[in-house]
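Q: Give me a 3D structure for the following:
(one chain, ligands or ions: 3)
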Amino acid sequence: MRTVQIFDTTLRDGEQSPGVNLSTEEKVEIALQLERLGVNVIEAGFAASSPGDQSAVREVARVVTDASVASLSRAVPQDIDAAWEALKEAKQPAIHIFLATSPIHREYKLRKTKEQVLEQAAEAVRYAKRFFPVVEFSPEDAGRTEIDFLCEVADVVIRAGADVLNIPDTVGYLTPDEYANIFVQLRERVPGIDRVKLSAHCHDDLGLAVANSLAAIRAGVDQVEGAINGIGERAGNAALEEVVMALYTRQSYYQVATTIRPAEIARTSRLVSKLTGMPVPANKAIVGANAFAHESGIHQDGMLKHQETYEIIRPETVGFSQTKLVLGKHSGRHAFRERLETLGYTLSEERINALFARFKELADRKKSLTDEDLIALAEEKHGEVAEFFELESIQLSYGNHALPTASLRLRNRQTGDEVEEAACGNGSIDAIFKAIDRATGEQVELLDYKVASNTQGTDALGEGYVQLRQGELTVQGRGVSTDVLEASARAYIDAINRLLTRKQSKNQDATLNVVLG
Ligand SMILES: CC(=O)SCCNC(=O)CCNC(=O)[C@H](O)C(C)(C)COP(=O)(O)OP(=O)(O)OC[C@H]1O[C@@H](n2cnc3c(N)ncnc32)[C@H](O)[C@@H]1OP(=O)(O)O
Ligand SMILES: CC(C)C(=O)C(=O)O
Ligand SMILES: [Mg+2]
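A: Ligands and ions are numbered 1, 2, ... in the order given. Purely as a prediction, here's the structure:
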């Protein structure tokens with residue numbers, strides 16, 4: 001099986017992402033991680049672009065031991081000198097010289113004829129060869145360059161001593177077939193082509209960067225270039241982790257190996273995201289937060305039965321701890337029960353069903369439910385409590401110059417009746433509790449009331465706690481909701497239900513005593 005070289009340009013093309021600026025220390029930290037990841041070439045920057053970038057390239061080359069370190073350079077002696085100044089003490093220095101070749105770039109940007117471009121490219125490679133053991137040449141915008149002219153460019157730079165010929169699809173314009181065909185043409189038409197390594201460099205303007213890179217690999221290129229998390233100019237570069245994992249996962253198809261250690265991918269992605277300030281989209285392949293997360297019940301059930309039902313890569317392979325079964329409105333009972341059991345709750349089928357119904361109600365209002373949410377839900381009612389009253393609906397009217405009013409509808413589970421009541425209070429909670437007193441007809445004394453958010457975020461679950469006294473009976477109640485007022489109402493109703501349960505069992509005991517005589 002042949003090995004394809006991985007050329008990482010996170011620190012150069014990746015840093016060209018608008019708004020990204022990495023300090024020397026940050027570049028060094030990323031470079032060391034890229035080396036742990038196993039990349040073969042690290043393009044550390046563009047030495048001539050600023051004194052800061054020149055020193056960053058130098059520092060990266062000083063610390064990196066296994067990978068080759070490259071600097072980008074225009075096809076002019078002063079850029080090549082700046083690159084050599086930064087890399088002359090590197091263990092494996094390389095220079096990456098580029099010069100645009102497409103008609104549009106020649107005419108409008110460089111204002112040069114084909115002949116002038118050929119001459120400048122060859123001259124720059126010859127000059128760089130005086131210093132660098134490895135010279136890579138890129139005909140910028142190769143993707144939109146006439147194929148005949150591209151072959152001429154390849155011919156002159158190979159004659160001038162180039163070691164690597166990179167073919168950039170600079171503006172992400174090509175389709176996979178078109179891109180692969182360029183390499184086929186170069187091989188057929190450029191006599192010295194076997195003397196250089198061929199390299200692919202793709203941009204994602206049409207979302208084809210990874211597909212094009214893989215097509216180039218199928219066409220036999222020796223090296224593929226890209227950036228971690230797919231960052232880079234405009235829509236970015238080919239995401240290296242995607243290219244590498246396609247090769248790894250579909251090895252029998254591609255028949256290609258790399259030196260990458262997949263288990264370092266997650267760590268590398270996190271570091272690049274943190275230091276560049278570019279968040280990784282949740283649905284991003286391989287490294288997005290949802291790449292190994294399942295929310296829908298049917299998928300979760302499948303995953304619980306066999307991991308390969310819905311995952312083609314194990315999260316551990318790329319350095320994530322495990323698959324996540326996210327509980328939300330699309331989840332089903334299998335995953336719900338499994339999570340409760342993991343959290344230490346072994347519950348009857350009946351209790352699971354009751355909790356699952358409450359869970360669905362909450363999930364309709366909350367994006368996803370965390371473990372803390374589930375614990376709050378599972379502990380909302382503890383002990384055997386007969387359900388006397390159930391909250392059907394609640395409405396609050398509140399204004400800073402008006403008396404708060406609560407209107408609510410309770411269902412009496414024993415009789416099936418619905419009771420509607422409203423009450424004003426000194427505050428919203430006072431109004432709610434008074435309305436519940438009226439609806440249930442119970443006279444109670446409020447001993448304690450607390451409400452707390454036990455999870456995080458603005459849609460966190462609130463947990464209400466209430467302690468009530470009636471005569472010699474003292475009871476506690478708890479309620480959970482995404483809304484603290486509703487959580488308080490539920491806690492109060494729970495306490496009333498407990499009170500009624502206690503009164504009912506006292507009456508049964510009394511009747512029993514009478515019967516037994
Ligand atoms: C496809 C790519 O990713 S290419 C790399 C792009 N990366 C960057 O540009 C980042 C770093 N760049 C920089 O810091 C600056 O652009 C510098 C320091 C390199 C140059 O800055 P300036 O001298 O002020 O020139 P400026 O950037 O405005 O214009 C570029 C000049 O280089 C010329 N040029 C562009 N590409 C090349 C090339 N490959 N070889 C030689 N000259 C080139 C342009 O024609 C233009 O020349 P002109 O001034 O004669 O019109
Ligand atoms: C410098 C070159 C290789 C480049 O980044 C591009 O053309 O996209
Ligand atoms: Mg590029």
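Q: and stretch 283-292, how far from the chain's centre?
A: In terms of Cα atoms, centre = their mean, to the nearest Å, the centre of stretch 283-292 is found 5 Å from the chain centre.
Q: Convert that stretch to CSV, retaining C-alpha atoms only.
A: Extracted in CSV, the C-alpha atoms of stretch 283-292 (Å, rounded to 0.1, in the frame of the first residue of the first chain):
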residue,chain,number,x,y,z
ASN,A,283,-22.4,19.2,12.5
LYS,A,284,-18.9,19.3,11.2
ALA,A,285,-17.7,15.8,10.0
ILE,A,286,-15.2,14.0,12.4
VAL,A,287,-14.7,16.8,14.9
GLY,A,288,-18.1,18.5,15.3
ALA,A,289,-19.9,18.2,18.7
ASN,A,290,-22.6,16.2,17.0
ALA,A,291,-20.4,14.0,14.9
PHE,A,292,-20.9,11.1,17.4
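Q: Buried residues, that stretch. List them.
A: For stretch 283-292, burial by neighbour count (16 or more other Cβ atoms under 10 Å) applies to K284, I286, V287, G288, A291, F292. The C-beta positions use only the backbone N, C-alpha and C, and glycine is treated the same way.
Q: Mind checking the pLDDT average for it?
A: Confidence for stretch 283-292, expressed as mean pLDDT, is 96.
Q: What's the separation between the residue in the stretch 201-350 of the chain positioned nearest to ligand 1 and D204?
A: In the stretch 201-350 of the chain, the residue found nearest to ligand 1 is E233; the distance is 5.5 Å by Cβ to the nearest ligand atom. Distance of E233 to D204, computed by Cβ to Cβ, to the nearest Å: 10 Å.
Q: So for these two, which residue has more residues nearby?
A: Each of E233 and D204 has its neighbours counted (other Cβ atoms under 10 Å); D204 has more, 23 against 19.
Q: The nearest residue to that one once chain neighbours are set aside: neighbouring residues, count only.
A: Take D204 and drop its neighbours on the chain: the residue closest to it by Cβ to Cβ, 6 or more residues apart in numbering is A235, 4.2 Å away. Using other Cβ under 10 Å, A235 has 17 neighbouring residues.
Q: Surely A235 is in contact with L208?
A: No. Judged on Cβ atoms under 8 Å, A235 makes no contact with L208 at a distance of 10.0 Å.
Q: residues shared between the contacts of the two?
A: G172 (Cβ atoms under 8 Å, 6 or more residues apart in numbering).
Q: list the contacts for V466?
A: Counted by Cβ under 8 Å, 6+ apart, V466 has contacts L446, D448, Y449, Q476, G477, R478, G479, S488, A491, Y492, D494, A495.
Q: Show me how to select, in PyMOL, the buried members of those.
A: A single PyMOL command selects the buried members of those (16+ other Cβ under 10 Å):
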select buried, resi 449+477+478+479+488+491+492+494+495
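Q: Relative to ligand 2, how far out is F433?
A: From F433 over to ligand 2 the distance is 67 Å, taken as Cβ to the nearest ligand atom, to the nearest Å.
Q: Surely that residue is in a helix?
A: Yes. Remark: F433 belongs to a helix, assigned using DSSP: H, G, I helix; E, B strand; the rest coil.
Q: In the stretch 101-250 of the chain, what residue spans correspond to strands?
A: With strands called from DSSP state E, counting those that start in this stretch, the stretch 101-250 of the chain shows them at 134-140, 164-169, 197-202, 223-226.
Q: Reformat those into JSON lines and put distance to V156 next to each item.
A: Converted to JSON lines, the strands of the stretch 101-250 of the chain look like this (distance: least, Cβ to Cβ, whole Å):
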{"stretch": "strand 134-140", "distance to V156": "10"}
{"stretch": "strand 164-169", "distance to V156": "11"}
{"stretch": "strand 197-202", "distance to V156": "16"}
{"stretch": "strand 223-226", "distance to V156": "21"}
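Q: Name the stretch among those strands that sits most buried.
A: Neighbour counts (mean count of other Cβ atoms under 10 Å) averaged over each of those peak at strand 223-226, with a mean of 28.
Q: Up against ligand 2, what does this protein have?
A: Within the chain, the positions near ligand 2 by Cβ under 6 Å from any ligand atom are D13, L72, F98, S138, E140, N166, P168, T170, H201, H203.
Q: isn't A44 right next to V57, touching?
A: Yes. Contact criterion Cβ under 8 Å: A44 and V57 qualify, at 4.4 Å.
Q: any shared contact partners between the two?
A: With Cβ under 8 Å, 6+ apart, A44 and V57 have common neighbours V69, S71.
Q: Kindly reformat the buried residues of stretch 283-292 as CSV containing distance to ligand 1 and secondary structure.
A: Converted to CSV, the buried residues of stretch 283-292 look like this (distance: Cβ to the nearest ligand atom, whole Å; DSSP: H, G, I helix; E, B strand; the rest coil):
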residue, distance to ligand 1, secondary structure
K284, 22, coil
I286, 24, coil
V287, 23, coil
G288, 26, coil
A291, 28, coil
F292, 33, coil
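Q: gap between the residue of the stretch 351-500 of the chain found nearest ligand 1 and T458?
A: Nearest to ligand 1, among the residues of the stretch 351-500 of the chain, is K367, at 38.8 Å (Cβ to the nearest ligand atom). K367 is 11 Å from T458, where distance means Cβ to Cβ.
Q: Just give me the residue closest to the centre of this protein.
A: Residue closest to the mean C-alpha point of the chain, counted by Cα atoms, centre = their mean, is G288 at 2.5 Å.
Q: what sits against the residue nearest to D177 when sequence neighbours are not counted?
A: Among residues not flanking D177 along the chain, A215 sits closest, at 6.9 Å (Cβ to Cβ, 6+ apart). By Cβ under 8 Å, 6+ apart, the contact set of A215 is P176, D177, Y179, A180.
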